[in-house]
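Chemist: I'd like to go over a predicted model; first the sequence, then the structure.
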Amino acid sequence: GEEVKIGLVFAGDSEKQEAVEVEGVPGTMMVLDVEIDHAAATEAVARDFVNRIQRLKKKLQIVPTDKIQLAFQIANPESESGSSLAAAIEAHTSLVAASLHAQPMDLSKPGASTGSAAEIVGESTESIAVVN
């Protein structure tokens, strides 16, 4: 018998995809899409926002199921990071609201207010405030 060798060669776009051979499974190649998806990136920013608020609630000993009012103000809304944070929260308001049991209120927007007098607690390193 004649021996036949089969080689794997990736012919795709290396800018958008990455190919790796699967260890332990000879003759198998896995192709990963490494192009950043805008929708997934904005959702990740919104989820990070939720995570930061949840950590702040824990620090303040607020029970996760407690209803709160959530107000936030972006320190520099004109910057690229500030505008992308605002856009991510706006695009994923329902995810933020469902995760935190609170409707997010952007105090950076003209005319925004917390309504009644409330105590605002925040962290100086983050432009996040929880209105309790």
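Modeler: Perfect, I can see it now.
Chemist: What residues does residue 74 make contact with?
Modeler: Contacts for residue 74 (CB atoms under 8 Å, 6 or more residues apart in numbering) come out as 82, 85, 86, 106, 108, 127. In short, each C-beta sits where N, CA and C put it, glycine included.
Chemist: Out of these, which sit inside strands?
Modeler: residue 106 (DSSP state E).
Chemist: Save the contacts of residue 74 as JSON lines, and put in distance to residue 93 and pLDDT too.
Modeler: As requested, the contacts of residue 74 are exported to JSON lines (distance: CB to CB, whole Å; pLDDT from 0 to 100):
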{"residue": "82", "distance to residue 93": "17", "pLDDT": "86"}
{"residue": "85", "distance to residue 93": "13", "pLDDT": "91"}
{"residue": "86", "distance to residue 93": "11", "pLDDT": "90"}
{"residue": "106", "distance to residue 93": "10", "pLDDT": "85"}
{"residue": "108", "distance to residue 93": "15", "pLDDT": "77"}
{"residue": "127", "distance to residue 93": "18", "pLDDT": "38"}
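Chemist: Buried subset of the contacts of residue 74 as a ChimeraX selection?
Modeler: Of the contacts of residue 74, the buried ones can be selected in ChimeraX as follows, counting by 16 or more other CB atoms under 10 Å:
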select :85,86,106,108,127
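Chemist: Let's have the contacts of residue 74 in a markdown table, adding distance to residue 62.
Modeler: Shown next, in a markdown table, are those (distance: CB to CB, whole Å):
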| residue | distance to residue 62 |
| --- | --- |
| 82 | 26 |
| 85 | 22 |
| 86 | 24 |
| 106 | 21 |
| 108 | 23 |
| 127 | 19 |
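Chemist: Cool, thanks, signing off.
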